[in-house]
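Undergrad: quick one, structure for this:
(one chain, ligands or ions: 1)
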Amino acid sequence: MSSLQVNIVLASAILALVAHQLFRHNESYSPLLHGILVFGPPCLVAIYAFSFGDSPFDTFRQALITHIATLLSSIVVYRLSPWHPLARYPGPWSHAVTALVAGFWMATGNRNVHVRSLHERYGDVVRTAPNELSISDLSAIPHLWNVPRGPGMKGVSMSHTQVTMMGIQDPEEHARRRRPWNRGLNQAALKEYEGHIMNRAQLLVRRLEEQHGGTDLSKWLAYFAQDVMGDMAFGGVTELIRDGGHNNVFSVLEEGMIAAATLSQLPWLGIYLGFVPGVARKLTAMIRTMADLSIKRLERGSTTRDLFYYLNDEDLPDTPPPPPQQLADDGLLAVVAGSDTTAAALNNLFYCLLTNRATYVALQAEVDQVFRPEDDPYNAHRYQDMHYLRAVIYEVLRLYHPAAIGGQRQVPRNGHGVTAGSLYIPPGTIFFMALHALHVDPRYFTYPKEFWPERWLIHWGHFRVEDARMPAGKPQVHGDSFVHNDAAFIPFGNGINYCVGKGLAMMEMRMVVTALIHKFEIRLREGWNARQFPTQLKEYITSTRPELPVLLTPRW
Ligand code: HEM
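TA: So this is what the prediction gives:
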């Protein structure tokens, strides 16, 4: 090797170490900056070698190889070193080396189960990626909700500049974008939507009455949730309950979800893929379809007060309307956050009911107490006193949380970090509140992995634990040994980013469950292996909806 070549290798290696430090201090998702840090130093070295008469192309190739090899080695060594800010937190070394491992788990749909197993092994705070913690420390969590959102949604949107409200990291900008959502989903607005939801629930019942010989309930529940969100977000673009699923514009959602979930762990990859036409086709189709629907809704104008009416500031005539791109982003968010979550929750709920006959019978008794055979079971006002129904819904949300990746946050890079109880989270750290792990933690819930709605009624003081029915095959629990910690149940999140659609979701779930239980005797199709359902349940951004074959017999 000539002395010039030695100089080239040395210079490239030193510049790579400098580039790593620059990148570490100014973490950015800008592809331009990444390009400068990766290709800039080898270019400088090539120019230097050229001045000595060396071929710039050969030098550039050699410098680039040295630069990338040194950069990667430096990153790996730093991430595993005791100087890394997250070095003190336990976790598998493979997760500390690269976020690709977390991306892999997300792509399998089993990330939550995996994270729960990591918490069982390593404790309440686990390093799940080089710069990421998962937190299930209940004393810390209440202090963490108002930390700004993490960068995951940049990957989902495949852009570092254009994200939905859920991806806005600046708290002030988020609060501004959230205002129309708050107006469009508050109690007064929900009252206006009741009629729409009732129409959809009535149509659902009528169509189910026609399904002689059985049907896949999962499909109908999804049609219901998607038609409702189509009404809310785009002024009624779909008639899935009426016409069936062919031409279902929302099927792109399901297809794009695996890519979206994976890229939420690897935002930089999502941003790069956004520049490559044809890659992540399904995700791009999902984003484009929702944008088209928003544009069509804008062109049609509003005929009714739906969520879009508020998102478009039509209730504030003196306010200029938001830019169309913002509406397209909001429409996409409404449909992803609002339809898939509710559909999955309903599907899981009926699975739990149909595999727990005693619970089904108890719920049916409550429904029959409130609604006589000749009554219409769509009166939302009367759901308020249906405590067993609420307990069943809560129990399903606890056990099978449908918004799997809720709760990602990032401590601002330019501050002092966040102290929450005994926990210190350094600046720049991304973290998740491990909702699923909390929901099934035996420190907070007795028989945590059992579907047992009675736990809520005991907790609310409706009866004593001694008088309660236990989960099948479980010994009777007495007095103080019953554990129920409400603070560990956070299905809709909390703080400034909590789920703005909670009221709508609860109204939809109450109405559909009450209507179906009131109108039908529902059984699982004979011979169907119910045990396969939980194994088919995957969590991407929202959970999947495995098939649920049922037989519905009208009761009256
Ligand atoms: C069972 C159903 C649902 C569950 C379990 C659920 C759960 C969640 C969770 C956990 C979050 C994240 C909170 C956080 O990061 O702190 C969230 C956010 C959100 N949800 Fe829901 N959700 C449901 C239904 C709905 C519905 C029907 C809508 C209606 C549009 C909706 C709209 C939203 C929106 C817009 C956000 C983002 C809020 C923000 O960024 O400020 N959700 N939801």
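
Undergrad: how many residues are close by Leu86?
TA: Leu86 has 21 neighbours, counted by other CB atoms under 10 Å. Quick note: C-beta positions are derived from backbone N, CA and C, even for glycine.

Undergrad: wait, what's in contact with Gly245?
TA: Residues near Gly245 by CB atoms under 8 Å, 6 or more residues apart in numbering: 219, 223, 251.

Undergrad: what's the nearest residue to the second one if we skip its chain neighbours?
TA: Residue nearest to Tyr223 in three dimensions, not counting chain neighbours: Leu240, with 3.7 Å by CB to CB, 6 or more residues apart in numbering.

Undergrad: in the stretch 151-300 of the chain, what residue is nearest the ligand?
TA: Met166 (4.3 Å; CB to the nearest ligand atom).

Undergrad: my guess is that residue contacts Leu333. True?
TA: Yes. Assessed by CB atoms under 8 Å, Met166 is found in contact with Leu333 at 5.8 Å.

Undergrad: can you pull the pLDDT of Ala365?
TA: Confidence at Ala365, expressed as pLDDT, is 97.

Undergrad: distance check, it against the ligand.
TA: 25 Å (CB to the nearest ligand atom, to the nearest Å).

Undergrad: so for the one helix or strand that residue maps to, what gets flagged as buried?
TA: If you go by DSSP states H and E, Ala365 is part of helix 357-370. Going by neighbour count (16 or more other CB atoms under 10 Å), the buried part of helix 357-370 is 359-360, 362-364, 366-367, 370.

Undergrad: for it, list the C-alpha coordinates in PDB.
TA: Output of helix 357-370 as PDB, limited to C-alpha atoms (Å, rounded to 0.1, in the frame of the first residue of the first chain):
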ATOM      1  CA  ARG A 357     -71.000 -18.800  27.800                       C
ATOM      2  CA  ALA A 358     -71.600 -17.600  31.400                       C
ATOM      3  CA  THR A 359     -70.500 -14.100  30.400                       C
ATOM      4  CA  TYR A 360     -72.700 -14.100  27.300                       C
ATOM      5  CA  VAL A 361     -75.700 -15.200  29.400                       C
ATOM      6  CA  ALA A 362     -75.000 -12.500  32.100                       C
ATOM      7  CA  LEU A 363     -74.700  -9.800  29.400                       C
ATOM      8  CA  GLN A 364     -77.900 -10.900  27.700                       C
ATOM      9  CA  ALA A 365     -79.700 -10.800  31.000                       C
ATOM     10  CA  GLU A 366     -78.600  -7.200  31.400                       C
ATOM     11  CA  VAL A 367     -79.600  -6.200  27.900                       C
ATOM     12  CA  ASP A 368     -83.100  -7.900  28.400                       C
ATOM     13  CA  GLN A 369     -83.500  -6.000  31.600                       C
ATOM     14  CA  VAL A 370     -83.000  -2.600  29.900                       C
END
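
Undergrad: which residues are in contact with it?
TA: Under the contact criterion CB under 8 Å, 6+ apart, helix 357-370 has outside partners 352-354, 377, 382, 385-389, 392, 451, 453, 469, 472, 513-514, 517-518, 522.

Undergrad: could you pull out the strands for the protein?
TA: 125-129, 132-135, 215-216, 408-410, 418-420, 423-425, 430-433, 520-524, 549-554 (DSSP state E).

Undergrad: pairing partners for the first one, with directions?
TA: Based on DSSP bridges, the pairing partners of strand 125-129 within the sheet are strand 132-135 (antiparallel).

Undergrad: before we move on, what about the third one?
TA: Based on DSSP bridges, the pairing partners of strand 215-216 within the sheet are strand 549-554 (antiparallel).

Undergrad: then the fifth one?
TA: Paired strands of strand 418-420, with direction, are strand 423-425 (antiparallel) (DSSP bridges).

Undergrad: pLDDT averaged over the strand it pairs with - what is it?
TA: 95.

Undergrad: what residues sit buried inside it?
TA: Neighbour counts using 16+ other CB under 10 Å place 423, 425 of strand 423-425 among the buried residues.

Undergrad: check the offset of it from the chain's centre.
TA: Its chain's C-alpha centre and that of strand 423-425 lie 24 Å apart, by CA atoms, centre = their mean, to the nearest Å.

Undergrad: who touches that strand?
TA: Defining contact as CB under 8 Å, 6+ apart, one finds that strand 423-425 is touched by 125, 133, 135, 137, 140, 144, 411, 417-419, 431.

Undergrad: on that earlier part again, which one of the buried residues of helix 357-370 is nearest the ligand?
TA: Nearest member of the buried residues of helix 357-370 to the ligand, counting by CB to the nearest ligand atom, is Leu363, at 17.7 Å.

Undergrad: so the longest helix along the chain versus strand 125-129, what angle?
TA: Identified as the longest helix of the chain according to DSSP state H is helix 56-80. Angle of helix 56-80 versus strand 125-129, following axes from the mean of the first three to the mean of the last three CA atoms, to 10 degrees, is 170 degrees.

Undergrad: list the contacts for Pro267?
TA: Contacts for Pro267 (CB under 8 Å, 6+ apart) come out as 29, 151-155, 160.

Undergrad: and Cys499, by the same measure?
TA: Contacts of Cys499 (CB under 8 Å, 6+ apart): 337, 403, 406, 492-493, 505.

Undergrad: pLDDT wise, what is it at?
TA: In the prediction, the pLDDT value recorded for Cys499 is 94.

Undergrad: state the distance from it to Ala337.
TA: Separation of Cys499 from Ala337 (CB to CB, to the nearest Å): 8 Å.

Undergrad: between these two, what contacts are shared?
TA: Ala403.

Undergrad: for Leu208, which non-adjacent residue is spatially closest?
TA: Spatially, and ignoring its direct neighbours in sequence, Leu208 is nearest to Leu552 (5.4 Å; CB to CB, 6+ apart).

Undergrad: right, and Tyr444 touches Ala488 too?
TA: Yes. Using CB under 8 Å, Tyr444 is in contact with Ala488, at 3.7 Å.

Undergrad: who touches both of those two?
TA: 138, 438.

Undergrad: and the residue in the chain that the ligand sits nearest to, how many residues sit next to it?
TA: Going by CB to the nearest ligand atom, the ligand is nearest to Gly501 of the chain, at 2.0 Å. Applying other CB under 10 Å, we find 23 residues neighbouring Gly501.

Undergrad: so who does it touch?
TA: Taking CB under 8 Å, 6+ apart, one finds 185, 337-338, 341 in contact with Gly501.

Undergrad: again, only using 10 Å
TA: By CB atoms under 10 Å, 6 or more residues apart in numbering, Gly501 lies in contact with 181, 184-185, 190, 229, 232, 307, 333-334, 337-338, 341-342, 492, 507-508.

Undergrad: per-residue pLDDT, Leu253?
TA: 67.

Undergrad: one more: the one 5 residues further on?
TA: Per-residue confidence at Ile258 stands at 84 (pLDDT).

Undergrad: look up the closest residue to it, ignoring the ones flanking it.
TA: Excluding its sequence neighbours, the residue lying closest to Ile258 (CB to CB, 6+ apart) is Tyr540, at 5.6 Å.

Undergrad: equivalent analysis for Gly91, please.
TA: Leaving out its chain neighbours, the residue that sits closest to Gly91 by CB to CB, 6+ apart is Arg127, at 3.4 Å.

Undergrad: likewise for Val76?
TA: Val97 is the one closest to Val76 (CB to CB, 6+ apart), at 5.6 Å.

Undergrad: tally of neighbours for that neighbour?
TA: By other CB under 10 Å, 16 other residues sit near Val97.

Undergrad: that one and Phe350: what is the separation?
TA: Distance of Val97 to Phe350, given as CB to CB: 42 Å.

Undergrad: pretty sure Leu221 is touching Thr341, no?
TA: No. Applying CB atoms under 10 Å, one finds Leu221 not in contact with Thr341, separated by 11.9 Å.
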